[in-house]
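[1] A predicted structure for the sequence below; I have some questions about it.
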Amino acid sequence: MSDALEQEMQNKIDTLAAENASLAEENATLKRQVAMLQEHVFGQKTEKRQVVREDAPDQLSLFNEAEVETKKNAEEPSITVGEHTRTKKKKSSREELLAALPHERELIDLPEDEKVCPDCGSELKPVGETYIRKEVILIPAKVKIVEYYQINYECRECRKEKAPKFIKPVMPQPVIPHSFASPSAVAHVMMQKYFYAVPLYRQEKEWQQLGISL
């Protein structure tokens, strides 16, 4: 056998040996990853799980990077904070949460036939009020139809001169020509569609419940 052939065969053997070693190392790495993932998924659940192993410091460090990089025996750093006065946050009360809403008074009164004393029959006189509670009242949406009319004016003096003159006020233009949609209705549809992401077919059902078929 010639030296060239022996060298070629040796090169092939070295190449196969290197590939075999690389595949063996890759196989071992994959086995470690599978084992660690199984431990992470099926093992005991703790907030401080030691995922990174000493024989594979570069594997799956995203689970506890801070714990791995921190020295176990390192001294806790001391932080000096200047004297200050801590103001306790004021808790929000129900009155503060409801302050911005309009308020109405609802008086609970006796029926007229009960405004007499049950003992002597004398007429009862109010002497004050007692606060009981607050309630949030929801006012459902409602629709109404507004019909616009122009008031026509005539100059009577011009009519005497046989030159009648009529004057009408300027009528505001509709937001959509040839439509009975008002600015408030269009604004409501746009707000529901683009701010609250309510589809148009759901808005159509809402209008139908209010008596309007779009």
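    The structure has been received and is ready for your questions. Numbers count the residues shown, from 1 in each chain.
[2] Would you mind checking the average pLDDT for the lengthiest helix in the chain?
    Within the chain, and with DSSP state H defining each element, the longest helix by residue count is helix 3-42. Along helix 3-42, the predicted local confidence has a mean pLDDT of 82.
[3] where does the chain have its least confident helix or strand?
    Every helix and strand in the chain was compared by mean pLDDT, DSSP states H and E; the lowest is helix 65-69, with a mean of 49.
[4] separation between the residue nearest the centre of the chain and Gly211?
    Per CA atoms, centre = their mean, the C-alpha nearest to the average position across the chain is that of Tyr196, at 9.5 Å. The spacing between Tyr196 and Gly211, counted by CB to CB, to the nearest Å, is 22 Å. Heads up, the C-betas are built off the backbone N, CA and C, glycines and all.
[5] same deal with Pro111?
    In this structure, Pro111 and Gly211 are 36 Å apart, going by CB to CB.
[6] residues touching Pro118, list them.
    Pro118 makes no contacts at all, as judged by CB atoms under 8 Å, 6 or more residues apart in numbering.
[7] Give the burial count for Met36, as a bare number.
    Around Met36 there are 19 other residues, counting by other CB atoms under 10 Å.
[8] For the residue nearest to the centre of the chain, which three-state class applies?
    Classification of Tyr196 using DSSP: H, G, I helix; E, B strand; the rest coil returns coil.
[9] For Val189, see how far away it is.
    As judged by CB to CB, Tyr196 and Val189 stand 11 Å apart.
[10] And for Thr130?
    According to CB to CB, Thr130 stands 46 Å off from Val189.
[11] Settle it for me: which of those two has more neighbours?
    When Thr130 is set against Val189 and neighbours are counted by other CB under 10 Å, the residue ahead is Val189, at 18 against 5.
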